[in-house]
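[1] got a sequence here, can you build the structure:
(one chain, ligands or ions: 2)
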Amino acid sequence: MSRAVLSLGSNLGDRLAHLRSAVDGFGDAVVAVSPVYETAPWGVTDQPDFLNAVLVVASADVDEWGWLRRGQELERAAERVRELRWGPRTLDVDVVTVDGVRSEDPELLLPHPGTPARATVLIPWSVVDPDAVLPGHGPVGDLVRALPAAELDAVHRRDDLRLS
Ligand SMILES: Nc1ncnc2c1ncn2[C@@H]1O[C@H](COP(=O)(O)OP(=O)(O)OP(=O)(O)O)[C@@H](O)[C@H]1O
Ligand SMILES: Nc1nc2c(c(=O)[nH]1)N=C(CO)CN2
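    Ligands and ions are numbered 1, 2, ... in the order given. Next up is the predicted model:
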């Protein structure tokens, strides 16, 4: 059984519909879905706010490359255009971790190297999976508590927007 944590992001078009398309796309593999968060953009700050969420998925038939491929297929289905690194997108699906797997292949870095610094991933992840540990960095709850106040202020839970 392969269990993975996936981060979803959207800041173009019908953002919630794009996140829902990813949840639907992973279908029966979805084990848990986090709340939706509205978040200020990091990296390239001159772009619209994002909706972010985290999914836990599991399947006996999918390995880490399968999670990446399925995420990329869903990005394509959302007509994502790759223009700018960290730029606006209809749908972003990142593989955050896959249990028991480390990878240094640039096409699939595991755990995803951006994770320890990203409130937009850590906060939803800590809610959907409170006992989660980020390999090499410790409990996700501890990483959330160590985030600077400015990072916490940039992430707003939207309980009026639901994925499940
Ligand atoms: N863990 C991972 N999850 C998703 N993509 C990954 C991962 N590790 C490496 N990649 C590679 O990253 C490349 C670029 O991905 P993408 O365009 O989504 O980056 P980004 O979202 O702009 O930036 P970041 O990866 O920092 O979030 C893809 O070609 C993919 O193969
Ligand atoms: N708030 C927020 N900002 C971002 C995000 C994201 O998911 N949320 N993703 C990016 C590229 O992966 C760039 N900036």
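[2] what's in contact with stretch 55-70?
    1-6, 8, 22-23, 25-26, 28-34, 95, 98, 101, 103, 107-108, 110, 128-129 (Cβ atoms under 8 Å, 6 or more residues apart in numbering). In this view, the C-beta of every residue, glycine as well, is placed from N, C-alpha and C.
[3] let's see 7 Å
    1-6, 8, 23, 26, 29-33, 95, 98, 101, 103, 108, 110, 128-129 (Cβ atoms under 7 Å, 6 or more residues apart in numbering).
[4] just the buried members of the residues you listed?
    2-6, 8, 23, 26, 29-31, 33, 95, 98, 101, 103, 108, 110, 128-129 (16 or more other Cβ atoms under 10 Å).
[5] looking at those, which are in strands?
    2-6, 8, 30-31, 33, 95, 98, 103, 108, 110 (DSSP state E).
[6] let's have those in CSV, adding distance to ligand 2 and pLDDT.
    Compiled in CSV, these are given as follows (distance: Cβ to the nearest ligand atom, whole Å; pLDDT from 0 to 100):
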residue, distance to ligand 2, pLDDT
2, 23, 97
3, 22, 98
4, 17, 98
5, 14, 98
6, 12, 98
8, 8, 98
30, 19, 98
31, 21, 98
33, 16, 98
95, 12, 98
98, 18, 98
103, 18, 98
108, 15, 98
110, 16, 98
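[7] filter those by proximity to ligand 1?
    95, 108, 110 (Cβ under 6 Å from any ligand atom).
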